[in-house]
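Asks: my questions concern the predicted model and sequence given below.
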Amino acid sequence: MANKVIYAVYEDPEVLKSAARKLITAGVNVRDVFSPFPVHGIDPILGLKRTRLGIVSFMFGVFGLSLAVLGTYYMSIYDWPMNIGGKPNQYYYQNVTGFVPVLFEFTVLCAAHGMAITYLIRNKTLPGMPARNPDPRSTDDKFIIELRTADNQHHAPEAITGMLRETPVFEINERQC
Amino acid sequence: MNFTISKRARTIPLALIIIGLVMAAFGFMGDHTDHKQYTWAAFYANALFFFFISLGALFFYALNHITETGWTILLKRVFEGISTYLPWGVLPILLVLVAGSIGLNHIWPWMDARTVDISDPLHYDAHINKLTPYLNKPFFWIRVILIMAVFVLFARWFRAQSLRMDGETGEALMRSHWKTYMRSVVFILLFAFLSSVMAWDWIMSIDVHWKSALFGWYVFGGIWASGMITAVILVLYLKGKGYLPQVNGSHIQDMGKWMFAVSFLWSYLYFEQYLLTWYTNIPEESAYFFTRNNQHPWLVWGMFFINFALPMVLLMSRDSKRSARYLIGVGIIIFIGHWLDTVQMIMPGALGPHFIRIGILEVGFFVAFLGIFIRTVLAALAKAPLTVVAHPFLEESVHHHI
């Protein structure tokens, strides 16, 4: 049996949400949803797991802080102690007040960049990567539900399209995959 | 739904007031080298702390109006409740300021006329003499009256307006909302200026030889943080009693976020002020930190740790901001942290070397003021419906979801 992929195109995020809810209650497996902007409240409907990006960000922050501690220690205490305004430079703890801005900034830098880059890699949306959305209109004003017959062996494809037709759908596209 | 004060919530504040006063009396009779001054300063620090809480709540309330924030509308009465302490809170401060002006206490060295009398070489202080155009009693009292009048009048007006809006609908409600918006803009502008002036006059001029351009903001950070923490604790208390049924996890999490964020604001301002002074190391600037961070390192750095590191670590995750018991626990710890902050602003400056450690006197006044504060706030909450009846954003707030 040829596997098909069905794209149901909607014009409104609220309509998409109610359609997705209806499909999922009927036991249909929704593969993905494409929208021009994040649709509020779609995650619990699709049963998506909570993002772990916060944890990644925290780990990048700790990494940045450690690196900054190491850097300031090596550069300004160990390798070449500098006398700035007569501040103590014999031990790290005596001078750590002066390093706080660097520690803070470097922590923020690493946390923010690490989080943003991880996000782009995870979504496969780094600059230059091929676009994965099936329909360019989903970046403009259309909201698209993607279903695959391979995920829904116990539903006939016609039954799924039938269910979609009952919702205020804009259009339904089918494609072999 | 209306709030009724439970029997326990009626007796506990009374007990707190009595216990606090007994403790303070013990502290007063305890052997201090300068116990009159000590008592005034401890009283003043606590009076300020609770005044700051209600001022912080009032500020956040007005801020929500000028940003037209929707989700806080369900919690509007809680902030109003906290700000009803403000008219009472100015009275003990006024008492200390009057006492200082007529020489009953010596918290503000510049109030002593001998410091500007050049014929009295023992007490004459050239630096204070130079400051007389600003720090003189008539001008000081004009500022005190202005600051107190503005804060009290706005607090009372906001409360009255909110109660009026409960009975309005349609056009009239929108007009009232717009009026509140405009008044909030005026209040925030006045607050921006007067809160700094207040910090200079009431607190910074205790250490009259020291000046910090950042001090007003640092005090403001503390005002906002302690107001926010109190609001969070109060909301969770009411929720635990079964009130505020429409307040959901998203509201609580957003309140927790504010607590987290404002703790950072305070830490940032405190540390920036410290860092600049540490770096430049000019004697007249570092004198302030010498009497605090050097002579009471455990008090000051412990306070900084509680107010900065604890909320950062403990409130970072989403789950921590959604658990009521956890949030109340952390909230109470930071609440005490900000009390320590207010105490270390006043006591070392007012007492100098006579301030050894926090004693029964400070704690006693704290307990007594806490009793008065809880009583006033709960009484105000019981007077009106706990959630507003009508507001243009009420629906938005009910459906708040993040």
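Replies: Looks like it came in fine.

Asks: alpha carbons only for contacts and neighbour counts from here, please
Replies: Will do.

Asks: contact residues of chain A facing chain B?
Replies: A:85, A:87, A:97, A:98 (CA under 8 Å from any CA of the partner chain).

Asks: helix or strand: which one has the last one?
Replies: Using DSSP states H and E, the secondary-structure element containing residue A:98 is helix A:92-122.

Asks: just the second one next, same as before
Replies: Secondary structure from DSSP H and E places residue A:87 outside every helix and strand.

Asks: could you do the first one as well?
Replies: Under DSSP H and E, no helix or strand contains residue A:85.

Asks: got the phi/psi numbers for it?
Replies: Per-residue torsions, residue A:85: phi 60, psi 30 (degrees, to the nearest 10).

Asks: who's in contact with it?
Replies: B:279, B:280 (CA atoms under 8 Å, 6 or more residues apart in numbering or on different chains).

Asks: pull the distance from the helix or strand of chain B with the lowest mean pLDDT to the chain's centre.
Replies: Scoring the helices and strands of chain B by mean pLDDT, DSSP states H and E places helix B:283-289 at the bottom, with a mean of 87. Computed by CA atoms, centre = their mean, to the nearest Å, the separation of helix B:283-289 from the middle of its chain amounts to 25 Å.

Asks: so what's the residue positioned nearest the centre of chain A closest to, chain neighbours aside?
Replies: Centroid-nearest residue in chain A: residue A:119, 5.0 Å away (criterion: CA atoms, centre = their mean). Setting aside the residues directly before and after it, residue A:119 is nearest to residue A:53 in space (CA to CA, 6 or more residues apart in numbering or on different chains), at 7.4 Å.

Asks: so what's that neighbour up against?
Replies: Per CA under 8 Å, 6+ apart, neighbours of residue A:53: A:115, A:118, A:119.

Asks: how close does the residue of chain A found nearest chain B sit to residue A:69?
Replies: Proximity of chain A to chain B (CA to the nearest CA) peaks at residue A:97, 6.7 Å away. Look at residue A:97 and residue A:69: by CA to CA, to the nearest Å, they are 12 Å apart.

Asks: ok, and for the helix holding residue A:98, which residues are buried?
Replies: A:92, A:95-100, A:102-103, A:106-112, A:114-115, A:118 (16 or more other CA atoms under 10 Å in any protein chain shown).

Asks: now stretch B:345-354
Replies: For stretch B:345-354, the neighbour count (16+ other CA under 10 Å) marks B:345, B:346, B:347, B:348, B:349, B:350, B:351, B:354 as buried.

Asks: closest to chain A out of those residues?
Replies: When those are compared against chain A (criterion: CA to the nearest CA), the nearest one is residue B:345, at 21.0 Å.

Asks: check the burial of residue A:23 by counting its neighbours.
Replies: Residue A:23 has 17 neighbours, counted by other CA atoms under 10 Å in any protein chain shown.

Asks: for it, what are phi and psi?
Replies: Note on residue A:23: its backbone torsions stand at phi -60, psi -40 [degrees, to the nearest 10].

Asks: same question for the one 5 residues further on.
Replies: Residue A:28 has phi and psi values of phi -90, psi 140 when expressed as degrees, to the nearest 10.

Asks: for the chain, what are the low-confidence residue spans?
Replies: This is for chain A. Within chain A, the stretches with pLDDT under 70 are A:1-2.

Asks: wrong chain, I was asking about chain B
Replies: Counting by pLDDT under 70, the ranges of chain B that qualify are B:31-34.

Asks: what helix or strand is the residue in it that chain A sits nearest to located in?
Replies: Closest approach between chain B and chain A, counting by CA to the nearest CA: residue B:275, at 6.7 Å. Using DSSP H and E, residue B:275 falls within helix B:249-280.

Asks: which strands or helices does that helix pack on?
Replies: Here helix B:249-280 is seen to pack against helix A:92-122, helix B:215-240, helix B:283-289, helix B:310-314, helix B:318-322 when contacts are counted using 3 or more CA pairs under 8 Å, 6 or more residues apart in numbering or on different chains; DSSP states H and E.

Asks: if you set the cut-off to 7 Å instead, what comes out?
Replies: Counting contacts by 3 or more CA pairs under 7 Å, 6 or more residues apart in numbering or on different chains; DSSP states H and E, helix B:249-280 is packed against helix B:215-240, helix B:310-314, helix B:318-322.

Asks: give me the buried positions along the first one.
Replies: Of the residues in helix B:215-240, those with enough neighbours to count as buried (16+ other CA under 10 Å) are B:215-236, B:238-239.

Asks: among the helices and strands packed on helix B:249-280, which is nearest residue B:368?
Replies: Checking the helices and strands packed on helix B:249-280 against residue B:368 by CA to CA gives helix B:215-240 as the closest, at 16.7 Å.

Asks: sec struct for residue A:39, please.
Replies: coil (DSSP: H, G, I helix; E, B strand; the rest coil).

Asks: what about it, how many neighbours?
Replies: Look at residue A:39: counted by other CA under 10 Å, it has 15 neighbours.

Asks: who's in contact with it?
Replies: residue A:13 (CA atoms under 7 Å, 6 or more residues apart in numbering or on different chains).

Asks: also residue B:65?
Replies: With CA under 7 Å, 6+ apart, residue B:65 has these contacts: B:181, B:184.

Asks: now it: which helix or strand?
Replies: Per DSSP H and E: helix B:35-66 holds residue B:65.

Asks: what are the buried residues along that helix?
Replies: By 16+ other CA under 10 Å, the buried positions in helix B:35-66 come out as B:35, B:37-66.

Asks: now do that helix: distance to the chain's middle.
Replies: Distance, stretch centre to chain centre, for helix B:35-66: 3 Å (CA atoms, centre = their mean).

Asks: for stretch A:3-22, same thing?
Replies: For stretch A:3-22, the separation from the chain centroid amounts to 21 Å (computed by CA atoms, centre = their mean).

Asks: buried stuff in that stretch?
Replies: Neighbour-count burial for stretch A:3-22, counted by 16+ other CA under 10 Å, picks out A:4-13, A:16-17, A:19-22.

Asks: how about the helices and strands packed on helix B:249-280 in JSON lines, adding distance to residue B:7?
Replies: Listed next are these as JSON lines, based on distance: least, CA to CA, whole Å:
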{"stretch": "helix B:215-240", "distance to residue B:7": "15"}
{"stretch": "helix B:310-314", "distance to residue B:7": "33"}
{"stretch": "helix B:318-322", "distance to residue B:7": "28"}
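
Asks: format those helices as TSV; extra columns: distance to chain A.
Replies: Formatted as TSV, the helices and strands packed on helix B:249-280 follow (distance: least, CA to the nearest CA, whole Å):
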stretch	distance to chain A
helix B:215-240	18
helix B:310-314	11
helix B:318-322	9
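
Asks: nearest to residue B:359, out of those?
Replies: Closest among these, using CA to CA: helix B:215-240, at 21.8 Å.

Asks: between the closest one and helix B:35-66, how big is the angle?
Replies: Between helix B:215-240 and helix B:35-66, the angle comes out at 70 degrees (axes from the mean of the first three to the mean of the last three CA atoms, to 10 degrees).

Asks: in stretch B:156-174, which residues are buried?
Replies: By neighbour count on 16+ other CA under 10 Å, the buried set for stretch B:156-174 is B:156, B:158, B:159, B:162, B:163, B:165, B:166, B:168, B:173.

Asks: can I assume residue B:219 is in contact with residue B:199?
Replies: Yes - counting by CA atoms under 7 Å, residue B:199 is a contact partner of residue B:219 at 6.4 Å.

Asks: dump the helix or strand containing residue A:60 to PDB, restricted to CA.
Replies: Element membership for residue A:60, per DSSP H and E: helix A:53-72. Output of helix A:53-72 as PDB, limited to C-alpha atoms (Å, rounded to 0.1, in the frame of the first residue of the first chain):
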ATOM      1  CA  LEU A  53      15.600  24.400  26.000                       C
ATOM      2  CA  GLY A  54      15.600  26.000  29.500                       C
ATOM      3  CA  ILE A  55      17.900  23.200  30.800                       C
ATOM      4  CA  VAL A  56      20.200  23.600  27.800                       C
ATOM      5  CA  SER A  57      20.300  27.300  28.400                       C
ATOM      6  CA  PHE A  58      21.200  26.800  32.100                       C
ATOM      7  CA  MET A  59      24.000  24.400  31.200                       C
ATOM      8  CA  PHE A  60      25.400  26.800  28.700                       C
ATOM      9  CA  GLY A  61      25.300  29.500  31.400                       C
ATOM     10  CA  VAL A  62      27.200  27.300  33.800                       C
ATOM     11  CA  PHE A  63      29.700  26.500  31.100                       C
ATOM     12  CA  GLY A  64      30.100  30.200  30.300                       C
ATOM     13  CA  LEU A  65      30.600  31.000  34.000                       C
ATOM     14  CA  SER A  66      33.200  28.300  34.400                       C
ATOM     15  CA  LEU A  67      35.000  29.400  31.300                       C
ATOM     16  CA  ALA A  68      35.000  33.000  32.500                       C
ATOM     17  CA  VAL A  69      36.300  32.100  35.900                       C
ATOM     18  CA  LEU A  70      39.100  30.100  34.300                       C
ATOM     19  CA  GLY A  71      39.900  32.900  31.800                       C
ATOM     20  CA  THR A  72      40.000  35.700  34.400                       C
END
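
Asks: alright, I will stop here.
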